[in-house]
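Participant: Curious how this folds, go ahead:
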Amino acid sequence: MKTIYFTLLFGALTFIKGQVGINTTAPSRTLDLNGTLRVRTQTDQSANTGYTNVLIADNNGNVDYVKKNTLNQQMVQLFNLTILPSVNAGGSGTVVPVSISNQSITLTKPAFILITYSVPITLAAGASDGRMKLLRTHLSVNGTNVVRSSNAYTNSIATGTNLTGIFYNTGSYITLLAAGTHSIEVLGTCFDFTAANQCIQGGSLPATSFQAFALYNDF
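Facilitator: Residues are numbered from 1 along each chain as shown. Now for the predicted structure:
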């Protein structure tokens, strides 16, 4: 016959009205452990559909559960603009990008941020000066340029191209940002134009957009 001995350290255990406290004299739940917990052996049940709950704990260490199917990635739209200010972005020599739209966002916790833009560019007149024209749109996050999308065309002094009309610069970017306030900005620059108003970026033309989404882990 096997003999099993149980040794209870009563100095560490407290019983109060059906509640058991370990290393605490004031248990607040059926089992209240004031210390760390170690389980030496666990089994991976990722593929087991019978395991539908996930244990969680609050700031006080109270352990409960949530349904596994509620732990998903949540996408939240931060802003969605289909009309942008029209700015004169043309110039010659060194052209400083002009701000088209600067959006401030506030994150309550770290998130992946997905940003897309489609900015229309309108040329006031065709070019026939033989110089290449560069139409560029910048995306800036917290003051740092992260994307530059461009259209370019050349023309001939002899024949000219008389190229006028509308171009679109598009781009996308994804980054991980910490909790707090951040700036997301699109800026425009056009080179080589003799006057700023010969190249206009922004407006309300079809397909104009500037939007951002936050992807949170919802747990």
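Participant: Low-confidence bits of this structure, can you list those?
Facilitator: 1-13, 72, 94, 156-164, 218-219 (pLDDT under 70).
Participant: Identify the structural domains in it and state their residue ranges.
Facilitator: The chain breaks down into these domains under automatic domain parsing: 13-69, 74-217.
Participant: ranking those domains by burial, who's on top?
Facilitator: Neighbour counts (mean count of other Cβ atoms under 10 Å) averaged over each of the domains of the chain peak at domain 74-217, with a mean of 16. Any C-beta I mention is one placed from the backbone N, CA and C, and that applies to glycine too.
Participant: How far off centre is that one?
Facilitator: Relative to its chain's centre, domain 74-217 lies at 19 Å (Cα atoms, centre = their mean, to the nearest Å).
Participant: now the end-to-end length of it.
Facilitator: End-to-end distance of domain 74-217: 6 Å, with Cα to Cα, to the nearest Å as the criterion.
Participant: residue nearest the centroid of the protein?
Facilitator: What sits nearest the mean C-alpha location of the chain, by Cα atoms, centre = their mean, is Ile113, with 1.0 Å.
Participant: In which helix or strand does that one reside?
Facilitator: strand 111-123 (DSSP states H and E).
Participant: Following the chain onward from that strand, which element is next?
Facilitator: strand 133-141.
Participant: after that next one comes which helix or strand?
Facilitator: strand 144-153.
Participant: separation between the closest residue to Val20 other than its chain neighbours and Gly61?
Facilitator: Spatially, and ignoring its direct neighbours in sequence, Val20 is nearest to Leu31 (5.2 Å; Cβ to Cβ, 6 or more residues apart in numbering). Per Cβ to Cβ, to the nearest Å, Leu31 is found 12 Å from Gly61.
Participant: what do you get for Gly130?
Facilitator: 74 Å.
Participant: And Val186, by the same measure?
Facilitator: Here Val186 is placed at a distance of 46 Å from Gly61 (Cβ to Cβ).
Participant: And for Asp129?
Facilitator: From Asp129 to Gly61 the distance is 73 Å (Cβ to Cβ).
Participant: before we move on, what about Gln103?
Facilitator: 40 Å.
Participant: Ser128 now?
Facilitator: From Ser128 to Gly61 the distance is 75 Å (Cβ to Cβ).
Participant: residues in contact with the nearest residue to Leu187 once chain neighbours are set aside?
Facilitator: Spatial nearest neighbour of Leu187, excluding adjacent residues (Cβ to Cβ, 6+ apart): Pro97 at 3.8 Å. Pro97 makes contacts with 89, 136, 138, 187-189, as judged by Cβ atoms under 8 Å, 6 or more residues apart in numbering.
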